[in-house]
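1. Quick one, structure for this:
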Amino acid sequence: MMGRGDGPGAGAAGGPTRHVPVLLAEVCTALDAASSGTYVDGTFGAGGYTRAILDANSKNIVLAIDRDPDAIAGGEALVARYKRRLTLVHGRFGQLDEIARAQGHESVDGVVLDIGVSSMQLDEAERGFSFRGDGPLDMRMEREGPSAADLVNESSEAELADIFYHYGEERRSRAVARAIVEARRRKAFETTGQLAELVASLIRQEPGGIHPATRVFQGLRIAVNDELGELVRALHAAERILKPGGRLVVVTFHSLEDRIVKQFFATRTGRSPGASRHLPGLAAPEPTFEAITRGPVLPGDEETARNPRARSAKLRAGSRTQAPAQEPLSAITMLAELPQTADKRGGRR
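-> Predicted structure coming up:
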């Protein structure tokens, strides 16, 4: 259930995996990277998509963004290799339009987003994304702000249950949250091993299934990094910065992300009924995207055999129309938020 291709049964629990860009050829085709242009790689990671885009046409320019300082440091050799054709910026892809303009790009020809956590982050126990190698319970992509340990030790039982259920899709979220609150009265959670051991004592692992703590860790990681909120902001930012005919390509790895991307494209291409359905006198806004893919593009058998991390990947893409960018969609923003429980409002859940 982890992002960036680390799906169920593919080492999502945090086992060492070599990062291989997923649906690479399909991404380049959807972007039309063979045509010269300026592209934004909003999730640079190890640079797989960036490298492929730059190699697709010798005139291509890429602005690559990553919120992880380690990814930025690791990309310096690639910057040197491609010289002025590649600019690497430390930042959040939810602000990719502002970052692009700050770099002198008033509009771009394509944006690609590969959502979730990278294999490199999972491989480093000290980052706290993984539970196979014991490390600090951290999970912060930017190494700043509240950590996973802060959430686990300070959030209410109801808030923890919501994080595990809505972001991790863990069915036993309430039982896990209750056990955490009871355990932290005796000793605060500090490591990934502590939390994984507790969860494993509550949830039985199915033969051949994912580790019992996988969904709990997913929920925490998404909450710590506001991953779904960043995705929503990035989709709207791409809409604002893409020129007419520019391509937006998004690769997701679990249902929460894909639901947001699917609804965004459905609404912006006019396939999803808007307010005008119930208010006939109100004209529907002009579509800001045309669909490139009809439904998600999935990896083929050859790719999944070669790279099991690809099994849960879905690619969706759209081409920007000439219509002006619209206001952010509140319905999509709500998909990224936790429900407001009574406990959070000061009452009882």
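2. When you work out contacts or count neighbours from here on, use the C-alpha atoms and nothing else.
-> Will do.
3. So what would you say the end-to-end distance of stretch 169-189 is?
-> End-to-end distance for stretch 169-189: 22 Å, by Cα to Cα, to the nearest Å.
4. likewise stretch 231-249?
-> Where stretch 231-249 begins and where it ends lie 12 Å apart, using Cα to Cα.
5. ok now it, how far from the chain's centre?
-> 15 Å (Cα atoms, centre = their mean, to the nearest Å).
6. Just the buried positions in it, please.
-> 231-249 (16 or more other Cα atoms under 10 Å).
7. Check the burial of residue 218 by counting its neighbours.
-> 27 (other Cα atoms under 10 Å).
8. and the next element down the chain from the lengthiest strand in the chain?
-> As assigned by DSSP state E, the longest strand anywhere in the chain is strand 242-252. Sequence-wise, the next helix or strand downstream of strand 242-252 (DSSP states H and E) is helix 255-268.
9. who does the helix or strand that that following helix is followed by touch, helix- and strand-wise?
-> Note on helix 255-268: by DSSP H and E, the next helix or strand toward the C-terminus is strand 289-291. The contact analysis (3 or more Cα pairs under 8 Å, 6 or more residues apart in numbering; DSSP states H and E) places strand 289-291 against helix 255-268, strand 314-320.
10. in stretch 284-302, what's buried?
-> Buried residues in stretch 284-302 (16+ other Cα under 10 Å): 285, 287, 288, 289, 290, 291, 292, 296, 297, 298, 299.
11. tell me which of these is nearest to residue 33?
-> Nearest to residue 33 among the buried residues of stretch 284-302 is residue 292, at 14.1 Å by Cα to Cα.
12. Now for that closest one: which residues touch it?
-> By Cα atoms under 8 Å, 6 or more residues apart in numbering, the residues touching residue 292 are 30, 316, 317, 318, 319.
13. Apply 7 Å and report the result again.
-> Taking Cα atoms under 7 Å, 6 or more residues apart in numbering, we find residue 292 in contact with 317, 318, 319.
14. If I follow the layout properly, the last one ends up in contact with residue 248?
-> Yes: with contacts counted by Cα atoms under 7 Å, residue 319 reaches residue 248, the gap being 6.4 Å.
15. circling back: highest neighbour count among the contacts of residue 292?
-> residue 317 (26 neighbours).
16. Can you tell me who that residue pairs with across the strands?
-> Following DSSP bridges, residue 317 is listed with bridge partners residue 249.
17. Just the pLDDT for it.
-> Residue 317 carries a pLDDT score of 98 in this model.
18. Start at 290, not 1
-> I'll keep to 290 as the first residue from here, and by that count the last item is residue 606.
19. That one reaches residue 585, doesn't it?
-> No: between residue 606 and residue 585 there is no contact under Cα under 7 Å: 8.4 Å.
20. What is the subsequent helix or strand relative to the least confident helix or strand in the chain by mean pLDDT?
-> Using mean pLDDT, DSSP states H and E, helix 408-412 stands out as the lowest-scoring helix or strand of the chain, at a mean of 49. Heading C-terminal from helix 408-412, the first helix or strand you meet, by DSSP H and E, is helix 437-443.
21. Give me the buried positions along that following helix.
-> Here helix 437-443 shows 437, 438, 439, 440, 441, 442 as buried, counting by 16+ other Cα under 10 Å.
22. Distance check, the residue found closest to the second one once you drop the neighbours it is linked to in the chain against residue 515.
-> In space, and not counting its chain neighbours, residue 438 is closest to residue 426: 5.2 Å by Cα to Cα, 6 or more residues apart in numbering. Taking Cα to Cα as the criterion, residue 426 is separated from residue 515 by 17 Å.
23. Could you do residue 585 as well?
-> 24 Å.
24. What of residue 379?
-> 17 Å.
25. Then residue 589?
-> 31 Å.
26. any weak-confidence spans in this protein?
-> For the chain, the stretches with pLDDT under 70 are 290-308, 405-422, 561-572, 629-638.
27. what's the domain layout of it?
-> Split into domains by automatic domain parsing, the chain comes to 313-408+517-624, 430-512.
28. Give me the angle between the longest strand of the chain and strand 603-609.
-> For strand 531-541 against strand 603-609, the angle by axes from the mean of the first three to the mean of the last three Cα atoms, to 10 degrees is 170 degrees.
29. Would you mind pulling up the elements that strand 531-541 packs against?
-> helix 313-320, strand 397-403, strand 603-609 (3 or more Cα pairs under 7 Å, 6 or more residues apart in numbering; DSSP states H and E).
30. And those: which comes nearest residue 627?
-> Among the helices and strands packed on strand 531-541, strand 397-403 sits nearest to residue 627 (Cα to Cα), with 22.6 Å.
31. how far away is the nearest residue to residue 449 once chain neighbours are set aside from residue 450?
-> Residue nearest to residue 449 in three dimensions, not counting chain neighbours: residue 466, with 5.5 Å by Cα to Cα, 6+ apart. To residue 450, residue 466 is 5 Å away according to Cα to Cα.
32. next one: residue 498
-> 22 Å.
33. Tell me which of the two has more neighbours.
-> More crowded of residue 498 and residue 450, by other Cα under 10 Å: residue 450, with 24 against 10.
34. Can you classify that one by secondary structure?
-> Look at residue 450: counting by DSSP: H, G, I helix; E, B strand; the rest coil, its state is helix.
35. I'd guessed it sits against residue 460; true?
-> No: assessed by Cα under 7 Å, residue 450 is found out of contact with residue 460, at 9.6 Å.
36. where do the contact lists of these two overlap?
-> Joint contacts of residue 450 and residue 460 (Cα under 7 Å, 6+ apart) do not exist.
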